[in-house]
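Colleague: Sharing a model that was predicted from the sequence below.
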Amino acid sequence: MALITETNQQYYQGAQGFRGTGNALTITTTFDTDLVFGSVDAWNPNNQYYALNNFKIYTSTTGIPGSWSEYLLAYTVINNKITFTANPANNLFIVVQLKVLDGGQYGNTPAEEAIGDAVEENYGTYQYVKLSDIIDNYMVGYVGDGKIIQTAKKSDILFFAKRSYKSLAMIL
């Protein structure tokens, strides 16, 4: 199992925030998901490859919900580094939002947020634990000399683990 290496904003919203400096700005996202940029001009919503991007960039002068608008000026993306062609204003709030391919809007209601497959992929596989890992951990922690269970066959523990899972599935 891996440790979570993302901030709460990255994990729960699929978003990462930055601030403009008034100078040329390159930001590096640290999602567990790589940014997908459709083509060199995919920053432009009129570009045919724009829909292939798995993210959008939003800006706000206040950072208040409802004040966000999509960033529509030129930028490039290489290896999760976004370089803005125009210098973002000093203290401008900038958010990179992972998205479903059909859109969404950052900072408004939860129903409108651009969360989807890209965010789900960003969670990684740690939320699922293999049954074999559970059995192995149980054997190490509870079975053996000086432990709660002196001896037990791994196959017996596997049998009861599967029965427990089946019972839980029936309850849910």
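Modeller: That came in fine, so what should we check first?

Colleague: Quick one: residues in contact with the lengthiest helix in the chain.
Modeller: Secondary structure of the chain per DSSP state H: the longest helix is helix 154-171. When contacts are defined by C-beta atoms under 8 Å, 6 or more residues apart in numbering, helix 154-171 is touched by residues L131, I134, I135, Y138, M139, V143. For the C-beta atoms, the positions are set from N, CA and C on the backbone; glycine is no exception.

Colleague: Using CSV, list the CA coordinates for it.
Modeller: The C-alpha coordinates for helix 154-171 follow below in CSV (Å, rounded to 0.1, in the frame of the first residue of the first chain):
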residue,chain,number,x,y,z
LYS,A,154,-3.3,-20.1,5.7
SER,A,155,-6.0,-21.8,3.7
ASP,A,156,-8.3,-21.8,6.8
ILE,A,157,-7.8,-18.1,7.3
LEU,A,158,-8.5,-17.5,3.6
PHE,A,159,-11.7,-19.5,3.8
PHE,A,160,-13.0,-17.4,6.7
ALA,A,161,-11.9,-14.1,5.1
LYS,A,162,-13.9,-15.0,2.0
ARG,A,163,-16.9,-15.9,4.1
SER,A,164,-16.6,-12.6,6.0
TYR,A,165,-16.5,-10.7,2.7
LYS,A,166,-19.5,-12.5,1.4
SER,A,167,-21.5,-11.8,4.6
LEU,A,168,-20.5,-8.1,4.4
ALA,A,169,-21.5,-7.9,0.7
MET,A,170,-24.9,-9.3,1.6
ILE,A,171,-25.4,-6.7,4.3
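
Colleague: Just confirm G14 contacts Q97, I think it does.
Modeller: Yes: with contact defined as C-beta atoms under 8 Å, G14 reaches Q97; the gap is 6.3 Å.

Colleague: what about these two, which has more around it?
Modeller: Shown here are G14 and Q97; by other C-beta atoms under 10 Å, G14 has more neighbours (29 against 26).

Colleague: got a pLDDT number for that one?
Modeller: Here, the pLDDT recorded for G14 equals 78.

Colleague: Would you mind giving the domain segments of this structure?
Modeller: Here the domain parsing of the chain from automatic domain parsing is 8-122, 131-171.

Colleague: Now do the end-to-end distance for the shortest one.
Modeller: The one in question is domain 131-171. 19 Å (C-alpha to C-alpha, to the nearest Å).

Colleague: same question, stretch 7-16
Modeller: 8 Å.

Colleague: Just name the most buried of the domains of the chain.
Modeller: Comparing these by mean neighbour count (mean count of other C-beta atoms under 10 Å), domain 8-122 ranks first with a mean of 16.

Colleague: Understood, closing this out.
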